[in-house]
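S.K.: generate a structure from the sequence data that follows.
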Amino acid sequence: TDLIYNLCTHVWRTFWMPKFLKFSNVTCIPIGYKSGLILKNKKLDTRKYTWSFMGTVHGASRQDMIYQNRIYQKNLIKLTSEFGGKDSFSSNKYYEVLNDSIFAPIPHGYFHPESYRLYEALECGCIPLIENPHNFFDNFLPNNPLIKINLWSESSEIIKEMLSDNKIFSETSNKIRDWWYNYKIKIKNTFKNKINV
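M.R.: From the prediction side, this is the model:
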């Protein structure tokens, strides 16, 4: 990696790791979201589900996520046998559910802390509740307003607090939405500035 990156004027890459900090010519970008995204921009207080999760349950963390948030009955849980398997929702159905969800628990990915579901949730205007191993998202996305947790028991308390305080709920969702919008502009500008040098 060192040899290749040192030969490049600039490198954009996904899947951030601390070792890339030593390269001034490397910009790590989010892995993004899958195609077919349909935005409905529904207000959070009009959405059908308090939270939703669609995907595989590998490891204890995801099982605990579902267990800890079971008290919120207005949810949609769609468990699948494998990523993108035959029992998965279609892209349209997947985004339909996200567009109708207030909160989106985001467990870490299978091989890497980052997963597509974070960016899918942000695009659909959900409030992500992110599992944050080793402060990954604080290091990768500095100064972000995303709600990060270490234990899933924290997520049910956060949902309870936010649903009972309209001011905190509105301020948090607005901060996250505005940050994500501005972050995407910043990435676009980085591309423009580096390519047009």
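
S.K.: so which residues of the chain form helices?
M.R.: Ranges of helices in the chain, per DSSP state H, are 2-6, 60-68, 91-98, 116-123, 136-140, 152-164, 166-195.

S.K.: what sits up against the first one?
M.R.: Contacts to helix 2-6, defined as Cβ atoms under 8 Å, 6 or more residues apart in numbering, come from residues 11, 23, 25-26. To be clear about C-beta, it is placed using only N, CA and C from the backbone, and glycine gets the same treatment.

S.K.: same check on the fourth one?
M.R.: By Cβ under 8 Å, 6+ apart, the list of residues contacting helix 116-123 from outside reads 30-34, 37, 39, 55, 94-95, 98, 101, 104, 106, 128, 130, 176, 180.

S.K.: quick check: PyMOL command selecting the buried ones in the residues you listed.
M.R.: Only the buried entries of those go into this PyMOL selection, using 16 or more other Cβ atoms under 10 Å:
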select buried, resi 30+31+33+37+55+94+95+98+101+104+106+128+130+176+180
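
S.K.: among the contacts of helix 116-123, which are in strands?
M.R.: Under the assignment DSSP state E, these contribute 55, 101, 104, 106, 128, 130 to strands.

S.K.: just send those back as TSV, with pLDDT and distance to residue 185 too.
M.R.: Output for the ones in strands among the contacts of helix 116-123, formatted as TSV (pLDDT from 0 to 100; distance: Cβ to Cβ, whole Å):
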residue	pLDDT	distance to residue 185
55	92	29
101	97	25
104	97	22
106	96	23
128	97	19
130	96	22
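
S.K.: residue 19: which of these is nearest?
M.R.: Distance to residue 19, by Cβ to Cβ, is smallest for residue 130 among these, at 22.1 Å.

S.K.: was I right to think the closest one contacts residue 152?
M.R.: No: counting by Cβ atoms under 8 Å, residue 130 sits too far from residue 152 to count as a contact (11.2 Å).

S.K.: for stretch 126-134, what is the distance to the chain centroid?
M.R.: Mean C-alpha position of stretch 126-134 versus that of the full chain (Cα atoms, centre = their mean, to the nearest Å) differs by 7 Å.

S.K.: I should have written stretch 81-88 there, sorry.
M.R.: 20 Å.

S.K.: so which residue is dead centre in this protein?
M.R.: By Cα atoms, centre = their mean, the chain has its centre lying nearest to residue 118, at 1.3 Å.

S.K.: how near is that one to residue 109?
M.R.: 9 Å (Cβ to Cβ, to the nearest Å).

S.K.: in the chain, which segments are predicted with low confidence?
M.R.: 1, 197 (pLDDT under 70).

S.K.: switch the cut-off to 80
M.R.: For the chain, applying pLDDT under 80 flags the ranges 1-2, 34-40, 83-85, 110, 196-197.
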